[in-house]
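S.K.: predicted model and sequence follow; I will ask about them next.
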Amino acid sequence: MNRTEEVFAFKENRKKYSTFLKDVFICSLGAYGGPEAHYGVFSDQMVAKKKYITEEELTELIALTGILPGPSSTQTIIAMGYKVGGVPLAFFTMIVWALPVLCLMTTLSFMGVWGERLNFSPENFRYVGPMAVGFILMAIYTIGKKVIRNSFHWALFFFGAIVTYFYKANWVFPAVLLFGGVAAVLSSKENNLFQRVEIRPPWKYFVAFLTFALGLAFLGKITDNRLIQLLDGFYRYGYLVIGGGQVVVPLMFSDLVEVHSYMTGEEFLRGFGIVQGLPGPMFSFSAYAGGMAARDLGTFGQLLGAMAGGLGVFLPGVLLIFFVYPIWEDLKKMRAIQLSISGIAPVACGLILASAISMIGKNGMAWDILLVTIGTTALLFTKKIPSPVIVLMVILLGVFT
């Protein structure tokens, strides 16, 4: 390749990557609710409209991140960035996806009784939950029609939905996904399922993950430095939970409120309440919690506390997806893995259905709530109105009605 061709290739890639990051930002603006709602946004923007990945690949990523520690929807969109442009683009994907809401939650940690000062009312966001259900229902439809092909898949789909609807323990979600994969392999009558596949693990990311885990745990024990202890705690939250922000919150509450008394329960829940109405990953709540936990250290100390919260909780999940995703791409070539994916995918779709049913129950069955859910789903089906516009319409509906 001569110099002219290199320059042309660089400009083309830069344009491609810039467009991708703009789409990531669009996803972040429409990503309300938990990871299941985020998957609906990904399906609409990154799959149906821009075709960065296929529905099958999205389902595979949902299954993969469903059994990995860390923020699952964040890991999913980072993996998309990795597929499109490698580690550099994956890194910038993380920044574009999470930084805006992290900055906002950091600001909120400085504002004390911000609710009264801003005259904020949670009622303004009362339609965000029903809207998120609409995104989830659309994701179930688009993903389900790709991965549910026979009665066995339907059985796995309902198995995943029923089990995860009634049992919310942290271990249940990866367990049912693994069950689906094993069931698909055992039900197959094919031979040579475990042919040899060459993998090249990027060990540096796993070594970095362990180094941070052990190093921060050691420093947290031998020092009284609040910021180091916070960084250790939030890093631990990041690798001890599997799923979305709702999963990590009870662990944070126990440690930050009940054990260390860094803030009151009311202050904690107030911050968690506002993040429910903001777009982006719910793990961003960690910036608010970290800032509140360090507010007696002065302005700069509080800023560092918020940074410790935001960096600590996301870092382990990012390092793990950087390590696992390249291996996953190679492992998928093995027939046994391909079969396991065919079983995991319907179960993952069932998990999304269980989340939708739970959210419908929490939102209630009032006519306006149901109308927002039905209207959101219908608008997504038409594919004529961008996701961020739908989000803005729903928020304005809550503000002015």
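M.R.: Thanks, I have the structure now. All figures in this text were calculated on a predicted structure; none of them were measured in a lab.
S.K.: quick one: the helices in the stretch 51-200 of the chain?
M.R.: 55-66, 72-109, 114-117, 128-147, 151-166, 172-187 (DSSP state H, counting those that start in this stretch).
S.K.: could you dump these to CSV with mean neighbour count and mean pLDDT?
M.R.: For the C-beta atoms, the positions are set from N, CA and C on the backbone; glycine is no exception. Compiled in CSV, the helices of the stretch 51-200 of the chain are given as follows (neighbours: other Cβ atoms under 10 Å; pLDDT from 0 to 100):
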stretch, mean neighbour count, mean pLDDT
helix 55-66, 23, 83
helix 72-109, 21, 91
helix 114-117, 12, 49
helix 128-147, 23, 78
helix 151-166, 18, 91
helix 172-187, 19, 85
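S.K.: in space, what's closest to Tyr262 - neighbours in sequence excluded?
M.R.: Leaving aside its sequence neighbours, Tyr262 sits nearest to Ala293 (Cβ to Cβ, 6 or more residues apart in numbering; 3.7 Å).
S.K.: so that neighbour sits against Leu227, correct?
M.R.: No - in this structure, Ala293 is not within contact of Leu227 by Cβ atoms under 8 Å, at 9.6 Å.
S.K.: follow-up on the earlier one: residues contacting the residue nearest to Tyr262?
M.R.: Neighbouring residues of Ala293 by Cβ atoms under 8 Å, 6 or more residues apart in numbering: Arg226, Leu230, Leu256, His260, Tyr262, Met263, Gly305, Gly309.
S.K.: now the buried members of the residues you listed.
M.R.: Among those, those classed as buried by 16 or more other Cβ atoms under 10 Å are Arg226, Leu230, Leu256, Tyr262, Met263, Gly305, Gly309.
S.K.: ok, which pair from those residues is furthest apart?
M.R.: Among these, the pair separated by the greatest distance (Cβ to Cβ) is Arg226 and Met263, at 13.2 Å.
S.K.: can you list the low-confidence ranges for the stretch 251-400 of the chain?
M.R.: 251, 269-270, 273-274, 276-277, 387-388 (pLDDT under 70).
S.K.: show me where it has strands.
M.R.: With DSSP state E, counting those that start in this stretch as the definition, the stretch 251-400 of the chain shows no strands.
S.K.: and the residue nearest to Tyr262, how far from Ser284?
M.R.: Applying Cβ to Cβ, to the nearest Å, the value for Ala293 to Ser284 is 15 Å.
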